[in-house]
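Engineer: Provided below are the primary sequence and the corresponding predicted coordinates.
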Amino acid sequence: MVSKPHGGKLIKRLLSERDKKRILEEKEEYPKVRIREGLAVDLENIAHGVYSPLEGFLIEEEFQSVLNNMRLLNDLPWSVPIVLDVNKKELNFGVDDTILLFYKDMPIAEMHVDDIYKYDKKEFAQKVFKTTDLNHPGVAKLMNMGEYLIGGEIYLLNELPNPFKKYTLRPTETRSLFKERKFETIVAFQTRNVPHLGHEYLQKFALTFVDGLFINPVLGKKKKGDYKDEVILKAYETLFEHYYPKDSAVLATVRYEMRYAGPREAIHHAIMRKNFGCTHFIVGRDHAGVGNYYGPYEAQEIFKNFPDLGITPMFFKEFFYCRKCKGIVNEKICPHPLEDRKYFSGTKIRNMIVKGEVPPEYFMRKEVYEVIKSFENPFVGD
């Protein structure tokens, strides 16, 4: 059975065309706050229920509860604060006011201001990212945020331009699709990389236990050196064309700005897929990690604290190619020594591609490599 949304109800914060028209006609009368792209993406995820049960940005009491307990005030698991920051000079409004949020020159959302509060950036960083090191991309972004947070409910007015609309499915749509395909159990796989054979093996291995596989690439702002969105999507399109069972695998994107918060973000990612209707979620090695800030399986261990999450995590050890076994295996089923093992490494594969070397066939499908090489520059720059 398709999972219930987190909190029991799928949130929709979308205005009627009449209300939208009225607000846009009166937009000059509202206080305005300009927001960056990542916040505009968060607004879409709130409005379409990807972040259910949130109906807006966290008020202070909720923010503190998430920071300290990884739960909302009603005790529902929630691990990553979804907040809207502003600088003091932008505070030309007060609590109980209604404001408009703009991305560039486009009004994105109407917001009712329920709370305005200061917060401790170092405490935020330490609790969410387990570090205050500015070399961590999540910490660096946090330290550049405004000194105040605004909490309150939102209604979406407009969406960001979407070059990948064909592959964008909202939770209402994935839930309908899963029901149409008669999937009782669905496992989700999140990715921000092009697929190597380790990923493919992991996804198909998980699929043997459930009815459907939901591959959900994250599109949006990434760190330098990550694969560009269009490269990831094109690589998966190629795999789906040649190697995936069409009746039991679904490919759809989600727009989301990675926090690189390791264990906490693994919980957040699981909640998002629960809202899409998935019953299971693959948590691999170093999920949502960056650098050496988290232990290799810390993102799996944190799930012990959330028996009430409402989605079943599927944990896998690291897969590798064994020359003796002549196949992709993991340490649980392979008896052979380290010298016979070839471990999958995204960094290693990326370096080979930069140098113009073809990854071995046991690392990456030839079709995927050819897709990557068809792009002049497949990686995110500065």
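Structural biologist: Nice, thanks for sending it over. Everything numeric in this text was worked out from a predicted model, so none of it was measured.
Engineer: Helices along the stretch 101-250 of the chain, start to end?
Structural biologist: Across the stretch 101-250 of the chain, reading from the start of the chain, the helices by DSSP state H, counting those that start in this stretch fall at 121-129, 137-143, 171-180, 197-207, 229-243.
Engineer: So which of those is nearest Tyr293?
Structural biologist: With distances scored as C-beta to C-beta, the stretch of the helices of the stretch 101-250 of the chain nearest to Tyr293 is helix 121-129 (6.9 Å). Quick note: C-beta positions are derived from backbone N, CA and C, even for glycine.
Engineer: distance between that closest one and the chain's centre?
Structural biologist: Its chain's C-alpha centre and that of helix 121-129 lie 19 Å apart, by C-alpha atoms, centre = their mean, to the nearest Å.
Engineer: Turn the helices of the stretch 101-250 of the chain into JSON lines, including distance to Ile46 and mean pLDDT.
Structural biologist: Rendered in JSON lines, the data for those read as follows (distance: least, C-beta to C-beta, whole Å; pLDDT from 0 to 100):
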{"stretch": "helix 121-129", "distance to Ile46": "18", "mean pLDDT": "98"}
{"stretch": "helix 137-143", "distance to Ile46": "19", "mean pLDDT": "96"}
{"stretch": "helix 171-180", "distance to Ile46": "12", "mean pLDDT": "97"}
{"stretch": "helix 197-207", "distance to Ile46": "29", "mean pLDDT": "93"}
{"stretch": "helix 229-243", "distance to Ile46": "21", "mean pLDDT": "95"}
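Engineer: Any chance of these in a markdown table with mean neighbour count and distance to Met364 as columns?
Structural biologist: Listed next are the helices of the stretch 101-250 of the chain as a markdown table, based on neighbours: other C-beta atoms under 10 Å; distance: least, C-beta to C-beta, whole Å:
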| stretch | mean neighbour count | distance to Met364 |
| --- | --- | --- |
| helix 121-129 | 17 | 31 |
| helix 137-143 | 18 | 26 |
| helix 171-180 | 17 | 28 |
| helix 197-207 | 19 | 6 |
| helix 229-243 | 18 | 9 |
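Engineer: Of all the ones you listed, which one comes closest to Leu54?
Structural biologist: Leu54 lies closest to helix 171-180 among the helices of the stretch 101-250 of the chain, at 13.0 Å (C-beta to C-beta).
Engineer: and Lys373, which of the helices of the stretch 101-250 of the chain is closest to it?
Structural biologist: Checked against C-beta to C-beta, the stretch from the helices of the stretch 101-250 of the chain lying closest is helix 229-243, at 10.2 Å.
Engineer: What helices and strands are in contact with that closest one?
Structural biologist: Packing contacts for helix 229-243, counted by 3 or more C-beta pairs under 8 Å, 6 or more residues apart in numbering; DSSP states H and E, involve strand 212-219, strand 249-251, helix 366-373.
Engineer: For it, C-alpha coordinates in PDB please.
Structural biologist: Coordinates of each C-alpha in helix 229-243 appear next as PDB, following Å, rounded to 0.1, in the frame of the first residue of the first chain:
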ATOM      1  CA  ASP A 229      21.600  18.200 -13.900                       C
ATOM      2  CA  GLU A 230      21.200  17.500 -17.600                       C
ATOM      3  CA  VAL A 231      24.100  15.000 -17.500                       C
ATOM      4  CA  ILE A 232      22.500  13.000 -14.600                       C
ATOM      5  CA  LEU A 233      19.100  12.900 -16.300                       C
ATOM      6  CA  LYS A 234      20.400  12.000 -19.700                       C
ATOM      7  CA  ALA A 235      22.500   9.200 -18.200                       C
ATOM      8  CA  TYR A 236      19.500   7.700 -16.400                       C
ATOM      9  CA  GLU A 237      17.300   8.100 -19.500                       C
ATOM     10  CA  THR A 238      19.900   5.900 -21.300                       C
ATOM     11  CA  LEU A 239      19.900   3.300 -18.600                       C
ATOM     12  CA  PHE A 240      16.100   3.200 -18.500                       C
ATOM     13  CA  GLU A 241      16.000   2.700 -22.300                       C
ATOM     14  CA  HIS A 242      18.400  -0.300 -22.300                       C
ATOM     15  CA  TYR A 243      18.600  -1.900 -18.800                       C
END
